[in-house]
Structure formats: structure tokens, C-alpha cells
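>>> Quick one, what's the 3D model for this:
(4 chains)
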There are 2 protein chains.
Amino acid sequence: MISAPHAESNVGRGASALRRRILAGEVRPGGPLREVALAAELGVSRNTLREILLMLAAEGLVQHVPHHGARVVQLGVRDARDIYLVRQVIESAAIERAASRPLQAAEYLSAAIERLEDAAGAHDLDRLVEADLGFHRSLAAVLESDRLTALFHTIETQLRLAFSIVAFADREYEQPAPLVDEHRRLQKVITGGDVDRAKEALLDHLAKYETRLIAVLREQERGVHEAP
Amino acid sequence: MISAPHAESNVGRGASALRRRILAGEVRPGGPLREVALAAELGVSRNTLREILLMLAAEGLVQHVPHHGARVVQLGVRDARDIYLVRQVIESAAIERAASRPLQAAEYLSAAIERLEDAAGAHDLDRLVEADLGFHRSLAAVLESDRLTALFHTIETQLRLAFSIVAFADREYEQPAPLVDEHRRLQKVITGGDVDRAKEALLDHLAKYETRLIAVLREQERGVHEAP
DNA sequence: GTTGAACAGTTGTTGAACAACTGATAGCGT
DNA sequence: ACGCTATCAGTTGTTCAACAACTGTTCAAC
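The predicted structure is shown next:
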């Protein structure tokens, strides 16, 4: 019964590898993912690669167009609005629930804040983005809903994809102090118990990032339109 | 440019067929889906069948266990709680949004009510279940969020799966009049504009069905436990 | 009775092959 | 120059047959 540590399957490994590549920007959003070439690069057969692409499609990293294969998802303004609407819905609900289980919420969020402070101290941009997302993931986790957590995960992935482009264009992350402060304020008002005020603070916070992301995406869309 | 009506792909057709079979109860929840046999029955190759299974897994109809293949999802009490939590979150959010676009909400919901009345008049149980779900789908549609709509769709599918078993055990649907009335009341209070009262009515409604579903699932789980 | 080794059934994965579709190119007629 | 269509190369969709890897079971040996 010493069940060997289950070397992950090829599609699992391949999916991780491709996910990493895409998030690293090795294939630009909208760019095609050719089956034969990718299969060779990942060292798997084409059939296996197709399964990998299906998985990443379910994760929202990849888009399937019939007879044109898979493309890396390219977020548009419409997607950004949708994503932030979902975040409003999920995270607001989490705030409501946090009010009825304050100790657990406080624990989750303070741990997240610590990670944010560490990342800010290390001047590591990737870790900072990660910790920012992590804070909100912890908030969503208060709901203890597998399905909402899964949805939040796909959204997180898509945001990471967007950030991998946006981060350079956004000065905010270069001055991490106010970002940490703002999340700390969020934490306090959420664990404070005043649901309405907490929700309001959250919506403000999200709206700020939404408009910022949309601005960059608009710029990008215009660029695509201008340069054929 | 007369682009022929795109005969659906094999995996699309196969997925529809298998979905229909599962929802028709031809494979009982928890039952295994053997690749070779199924591929033969659906008239596709095993590779294609695997893609089909991945799609249904993304839809939440099928569950993948490494080296044991796919099983029809078997909802447990925990799933039922989660599903109804998600419905609370999504439909409550929809009610809030409905307040700011009352004409559209009224239109969607009244159409849904009409379908419910038709189904009730026809004494068709399947159509009644469908119309019940349709009412709530219309409510969720007010959010106009692709991602939340998609999540709601997977939940709807899982509920259909559960109902295909539960409906027989539940007398409620045999007397459709109160069911229609309750939804009509919901419609009125939602389009009425009093968000808090509407939410309260919704939560009551959902809680009723949740406890009913959980009761049946518990019964079922006990049955499984007793009869090896 | 426990251990362990062979076994049959199933999933995981591969490679090659062909069909079907798409977009682009080149040629034709006007 | 313009529009049509025939062809073509590249890509995806799908199949097939085979083998490797894993699982639960059966059966024999101790």
C-alpha cells in the first residue's frame, strides 16, 4: 500500500508547462497555438496536446475556434468589465459571510496581508502581484464554496494574463507602499464588521483597478486597430 | 459567402448525445463511463470520446479520477449546499441589478412566468422543471455577465441531473399551481423595486428547495451506505 | 491467513494516416 | 483592371492500432 507518489500524467505536466509559457508571455494574447509545433515542443503527441488545450480552455487561458484551433485568450474591455463584475459579486458576498465568521476571516486576511508586506519589502514585482491577488483569493475563500472558488481561480488566471502585459504600463506596482496600505485598510474595515462600509470600500478598490485595466486594454485595442 | 450551416463536429454531436443520455438517467450517478464501450455506442473513436469526456467534465456532469476514468457526477449533500450558496450569491446580485434596470428585468421575468404557466397547464413535468429553472436563469441573465451565466449553466445542468432522480420522490411538482404562484410572487416583489424584500423572498424560496433536495440526497446516501 | 506473483481489464499515450476545412495564390475570362 | 473559380499548401478534425502503465482480483505458495 506504499502507493508511489503518482508521477503526474503527461497532460497534467504538459498543461502546467503550457500554462507557464503563456503566462510568461512566450505566446502573445491572440497568438495561435499550432498543434504539431506545440506538441513537439512539449514532447507529447498531438492527441495529448489536444487534451491539454481543452483543459486550458476550461481554465479560460485559451480559446477554441472551430477549424482554426486554439488561440491564447485576448482580454478585451468587455472581458475586463465582466471580470470585475464577477469580483464585485463574489467578494461582496464574501464580506457578508465574513461578518458571521469574523475569526476565520481575520485569520485568512491577516496572513494575506503579511504576504503582501513581505513582497513589498522584497521589491519583487511578481510576488507583489501574486500577493495582491492572494489577498482577494483569501477573501473569496471565506465563502468556502468549491464552485465560486473555481470561478475565482479562472478569473485570477485571466487577470494574471492581463497583468503580464499591464504591469509594465502601470506605475502603481513600482510604489508598493500605498498598495499595501490600501489592502490593510480593506482588511480592517472588513473584519470590523460594518458590512455596508466594507462593501463600499471594496467596490471603490475594485473600481479603481477596473478603470485602470480598461484604460490599458483600450490603448492596446487601439494599437491593434492602427497597426495592421 | 453562403457558409454552409456548419455540420457540428463529432465531439460536439457526441457531447450532446452523451449529455442527453446522462440526464435521461441511462447511466446512474456514480456509474462508470467505459471508454471503449461508450466510444462504440456513440460511434466515435476513443480519442474523440476522451475529448467529449473532458468537455462534460468542464460542464460538471462528469468527474475524472486518474486511472479510473470518468464517472457520472454524484451530487452529495455538500454539493447541494454549495450549489444553493452559488444561487443565492448570483440571484441576489441579479436582484440588485434588476433594481437599476427594471424594464429589462420585468420583460425577462414575465416571459419566464408565461412559460411556467404554459408548462403547468400542459401537466408536463419535464417542461415544468425546465420552466422553473428557466425563471431563475432569466433572473441571472439580468446580470449580463458571460462568466456568471456560464457558472449558472453548469449549476443548472447539475440540478437537472439531481432532479432527474429527485422529481419522482418529490410531490411538489405534481401540484404545479403553488409553484407557479410562488414564482409569480417572486416576480412581483423583484420588479417591485424593494431590493431587501425581494432578496428575502428569494432566500426563502431557495432555502425551501435546498432543504428538500438535501433531504432526498441524504436519504440516497444512506441507501448507498446500507446496501453494499 | 498472509504474502506475493501472475492476470485480465482499463486508462494513458503514441504515431501515422486520412478527411475536411481555410486562406491565399494563380490563372482565366470579361 | 476586375471578378470568378480552381488549385494548393497548411491546419485542424478524426480514426485506428498498438503499447505502456496502472488497478483490482485471483490463485498459489509459504
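
>>> Contacts for stretch A:79-91, please.
Contacts to stretch A:79-91, defined as C-beta atoms under 8 Å, 6 or more residues apart in numbering or on different chains, come from residues A:75, A:136, A:139-140, A:143, A:148, A:151-152, A:155, A:158-159, A:162, A:202-203, A:206-207, A:209-210, A:213-214, A:217, B:89-90, B:93, B:143, B:145-148. From N, CA and C alone the C-beta is placed, and that goes for glycine too.

>>> Recalculate using a threshold of 6 Å.
Applying C-beta atoms under 6 Å, 6 or more residues apart in numbering or on different chains, the contact partners of stretch A:79-91 are A:139-140, A:148, A:152, A:155, A:202, A:206, A:210, A:213-214, A:217, B:93, B:145-148.

>>> Tell me the most packed of those residues, by neighbour count.
Within those, most neighbours by other C-beta atoms under 10 Å in any protein chain shown means A:L139, with 27 neighbours.

>>> Right, and DNA strand D sits closest to which residue of chain A?
Taking C-beta to the nearest atom of the strand as the measure, chain A has A:G69 as its residue closest to DNA strand D, at 3.0 Å.

>>> Around that residue, how many other residues sit close by?
Neighbourhood size, A:G69 [other C-beta under 10 Å]: 16.

>>> Quickly list what it is bridged to.
A:V65 (DSSP bridges).

>>> distance of it from A:Q63?
Shown here: A:G69 relative to A:Q63, a distance of 10 Å by C-beta to C-beta, to the nearest Å.

>>> do the same with A:S9
24 Å.

>>> For those two, work out which one has more neighbours and name it.
Neighbours were tallied for A:S9 and for A:Q63 using other C-beta under 10 Å; the higher tally belongs to A:Q63 (18 against 13).

>>> how close does that one sit to chain B?
A:Q63 sits 12 Å away from chain B, going by C-beta to the nearest C-beta, to the nearest Å.

>>> Quick one: name the residues of chain A near DNA strand D.
Neighbours of DNA strand D within chain A, by C-beta under 7 Å from any atom of the strand: A:3-4, A:7, A:32-36, A:46-47, A:50, A:64, A:66-70.

>>> again, 6 Å this time
With C-beta under 6 Å from any atom of the strand as the criterion, chain A meets DNA strand D at residues A:A7, A:R34, A:E35, A:V36, A:R46, A:N47, A:P66, A:H67, A:H68, A:G69.

>>> Where does chain A get nearest to chain B, residue-wise?
Ranked by C-beta to the nearest C-beta, the top residue of chain A for proximity to chain B is A:A58, at 4.0 Å.

>>> buried subset of the residues of chain A next to DNA strand D?
A:N47, A:G69 (16 or more other C-beta atoms under 10 Å in any protein chain shown).

>>> Now tell me what touches stretch A:118-127 from outside.
Stretch A:118-127 is contacted from outside by A:L128, A:A131, A:Y173, A:P176, A:V180, using C-beta under 6 Å, 6+ apart.

>>> Next up, the contacts around the last one.
With contacts defined as C-beta under 6 Å, 6+ apart, A:V180 is in contact with A:L116, A:A120.

>>> ok so it is a helix residue?
Yes - A:V180: assigned to a helix according to DSSP: H, G, I helix; E, B strand; the rest coil.

>>> any idea how far it is from B:I22?
Distance, A:V180 to B:I22, using C-beta to C-beta: 49 Å.

>>> does A:E8 count as helix, strand or coil?
coil.

>>> Ends of stretch A:22-33, what's the gap?
For stretch A:22-33, the first and last residues are 10 Å from each other (C-alpha to C-alpha, to the nearest Å).

>>> What lies in contact with that stretch?
Outside stretch A:22-33, the residues touching it (C-beta under 6 Å, 6+ apart) are A:L61, A:A70, A:R71, A:V72, A:Q74, A:R160, A:S164.
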